[in-house]
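Undergrad: model the following, please.
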Amino acid sequence: MISRSPGSPASSSSGTSVLPGVDPLDQTVTDGDGVSLRVWDVRNIGGPLAGQLVNPLSKFEIKARDVGLVFSVAVEADPNDTAKVPNLYAAATSAFGLHIVTPLQKTRRRLHASLLVLQTPVTCPVNLAIVRRRPGSIWKIDGKTGRHLLFANTIDSGVANSGPGIGGLAYDPASTTLYASDVETGLIHRFSIGQNGVDLGQFDHGKTGRKLLNLPVVVDDGRRAEITDPQFRVDDPGTWGFTQAERRVDAMAVHSGRLYYAIAAGPEVFSVGLNADGGFATDVRSELLVKADRPAPVTGMLFDSKGRMTLAIRGAVKPSMISAASRSRAADRCSAICLRYQMIPRRPMLGFQSRRNTRLECRTLRKLLQVVYCWRTPIVPMAQ
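TA: Got it, this is the predicted structure:
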């Protein structure tokens with residue numbers, strides 16, 4: 001079992017409380033020794049999984065100073081060799097806020113960073129990108145030892161991700177390919193596992209996918225996280241360089257020879273066929289328009305052994321959620337939900353109408369389960 005720990009990297013050596021009237025965002029520092037990712041051993045939990053509270057042993061943990069803050073995770077599992085311990089892949093993220101790094105006390109309030117990383121030049125981008133880390137970094141983690149190495153970076157025409165990071169990862173065991181969605185460009189990158197992270201090509205939903213669906217093409221607007229721009233604000237996600245919602249890809253998953261991916265606009269789930277070598281086919285289709293009381297990006301997607309799809313919708317990152325009043329919550333606390341869907345068998349003249357009144361190849365997904373939950377991310381004061 002894998003867990004990410006957005007709260008624990010926030011730490012302090014002083015233990016003092018934040019004084020009244022003082023912005024807690026200006027008094028919080030990210031601890032490089034805080035745990036960013038932890039792997040748990042759940043083989044001996046005292047019975048079958050039944051939704052019970054368990055206390056598993058920690059197998060290993062990765063610290064924030066080593067990989068920064070990560071969100072999307074993919075498992076390099078081999079369905080033909082279940083005894084093999086799989087490797088893991090974890091991707092840099094801005095899901096917990098945009099973390100500006102600056103060594104200067106006087107610049108903290110000016111930048112109004114949600115969390116600050118000390119002892120790193122201010123020109124270092126974001127996402128807790130300590131030293132050589134980048135916002136588009138993907139890390140390969142040995143499933144046995146926890147040893148981690150930089151696997152790849154999402155780079156488009158020689159330009160690396162400037163801040164928003166990666167929306168989702170997905171692994172295809174048939175072609176041993178890792179897919180990563182860059183939320184700054186909207187591109188889905190296709191990395192070779194066997195060739196140690198070589199980028200074999202990209203899929204552009206905004207241009208290629210929408211064109212194949214006879215929808216207006218949406219080209220990336222080219223916005224980037226320019227932290228030296230006077231218009232840039234670390235408490236305003238609109239200045240972080242996200243691509244347009246119509247082309248922004250978040251969570252992804254591979255199932256039955258297809259790559260399923262969630263587009264922020266809607267949100268809506270699409271899929272594209274995968275060739276034998278992991279390349280992208282041309283049979284793009286819309287699968288599902290997600291209906292939630294409070295629409296927000298789909299940040300997690302998986303298929304179980306019965307072909308049912310589970311989606312995790314995390315509260316959208318909003319300026320108000322990063323303000324002092326909200327105490328650095330980077331996402332809407334109570335709009336997070338889990339949705340589970342089941343594919344309805346193919347029947348003549350059966351299908352469902354999307355918002356564009358087009359029949360989806362007699363295929364649809366039926367919602368089975370909805371769970372609503374909230375969370376809190378603690379902050380602690382830093383030494384003066």
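
Undergrad: okay, now residue 159: neighbour count?
TA: Residue 159: 13 surrounding residues under other Cβ atoms under 10 Å. Every residue, glycine included, has its C-beta placed from N, CA and C.

Undergrad: for it, grab phi and psi.
TA: phi -110, psi 120 (degrees, to the nearest 10).

Undergrad: now do stretch 307-319, average pLDDT.
TA: Stretch 307-319 shows a mean pLDDT of 78.

Undergrad: isn't residue 257 up against residue 273?
TA: Yes: with contact defined as Cβ atoms under 8 Å, residue 257 counts as touching residue 273 (6.4 Å).

Undergrad: isn't residue 141 right next to residue 151, touching?
TA: No: the pair residue 141 / residue 151 is not scored as a contact, 9.1 Å apart, by Cβ under 8 Å.

Undergrad: which SS state does the closest residue to residue 281 other than its chain neighbours fall under?
TA: Distances taken as Cβ to Cβ, 6 or more residues apart in numbering put residue 273 closest to residue 281, at 3.4 Å, once the chain neighbours are dropped. Judged by DSSP: H, G, I helix; E, B strand; the rest coil, the three-state class of residue 273 is strand.

Undergrad: contact partners for residue 273?
TA: 257-259, 280-283 (Cβ atoms under 8 Å, 6 or more residues apart in numbering).

Undergrad: cool, and residue 194?
TA: Residue 194 touches residue 176, counting by Cβ under 8 Å, 6+ apart.

Undergrad: what's the spacing between it and residue 147?
TA: Distance of residue 194 to residue 147, computed by Cβ to Cβ, to the nearest Å: 19 Å.

Undergrad: can you pull out the helices in the stretch 101-250 of the chain?
TA: Using DSSP state H, counting those that start in this stretch, the helices of the stretch 101-250 of the chain run over 105-111, 210-212.

Undergrad: now the longest one: mean pLDDT?
TA: It stands for helix 105-111. 38.

Undergrad: what do you get for stretch 48-67?
TA: Mean per-residue pLDDT for stretch 48-67: 84.

Undergrad: in that stretch, what counts as buried?
TA: Judged by neighbour count using 16 or more other Cβ atoms under 10 Å, the buried positions of stretch 48-67 are 59-67.

Undergrad: re earlier: in the sheet, who's paired with the residue nearest to residue 281?
TA: Counting by DSSP bridges, residue 273 is bridged to residue 258.

Undergrad: distance of it from residue 255?
TA: 11 Å.

Undergrad: and the nearest residue to residue 312 once chain neighbours are set aside, which of the three is it?
TA: Nearest residue to residue 312, sequence neighbours excluded (Cβ to Cβ, 6+ apart): residue 300, at 3.2 Å. Classification of residue 300 by three-state DSSP places it in strand.

Undergrad: and residue 300, how far is that from residue 147?
TA: For residue 300 relative to residue 147 (Cβ to Cβ), the value is 26 Å.

Undergrad: who's more crowded, those two?
TA: Higher neighbour count among residue 300 and residue 147: residue 300, with 19 against 12, using other Cβ under 10 Å.

Undergrad: count the neighbours of residue 252 for me.
TA: 25.

Undergrad: give me the pLDDT for it.
TA: 97.

Undergrad: can you check residue 245 too?
TA: 95.

Undergrad: which ones are touching it?
TA: With Cβ under 8 Å, 6+ apart, residue 245 has these contacts: 263-265.

Undergrad: what's the closest of those to residue 96?
TA: Proximity to residue 96 was ranked across these by Cβ to Cβ; first place goes to residue 264, at 17.6 Å.

Undergrad: these two touch, right, that closest one and residue 270?
TA: No: Residue 264 lies out of contact with residue 270 (Cβ under 8 Å); the separation is 11.8 Å.

Undergrad: quick one: which of the contacts of residue 245 is the most crowded by neighbours?
TA: Going by other Cβ under 10 Å, residue 263 tops the contacts of residue 245 with 25 neighbours.

Undergrad: isn't that residue right next to residue 272, touching?
TA: No: with contacts counted by Cβ under 8 Å, residue 263 stays clear of residue 272, the gap being 11.9 Å.

Undergrad: low pLDDT regions in the stretch 201-350 of the chain?
TA: Applying pLDDT under 70 to the stretch 201-350 of the chain flags the ranges 316-335, 345-350.

Undergrad: between residue 141 and residue 151, who's got more neighbours?
TA: Using other Cβ under 10 Å, the more surrounded residue of residue 141 and residue 151 is residue 141, with 26 against 20.

Undergrad: partners of the closest residue to that one other than its chain neighbours in the sheet?
TA: Closest residue to residue 141 apart from its sequence neighbours, by Cβ to Cβ, 6+ apart: residue 88 at 4.2 Å. Beta bridges link residue 88 to residue 75, residue 141 when assigned by DSSP bridges.

Undergrad: thought residue 88 was touching residue 144?
TA: No: between residue 88 and residue 144 there is no contact under Cβ under 8 Å: 10.7 Å.

Undergrad: neighbour-wise, which of the two wins?
TA: Higher neighbour count among residue 88 and residue 144: residue 88, with 23 against 12, using other Cβ under 10 Å.

Undergrad: so what's the more buried one up against?
TA: With Cβ under 8 Å, 6+ apart, residue 88 has these contacts: 2, 39, 73-76, 140-141, 143.

Undergrad: now do it, the pLDDT please.
TA: 95.

Undergrad: ok, now how distant is it from residue 138?
TA: Distance, residue 88 to residue 138, using Cβ to Cβ: 11 Å.
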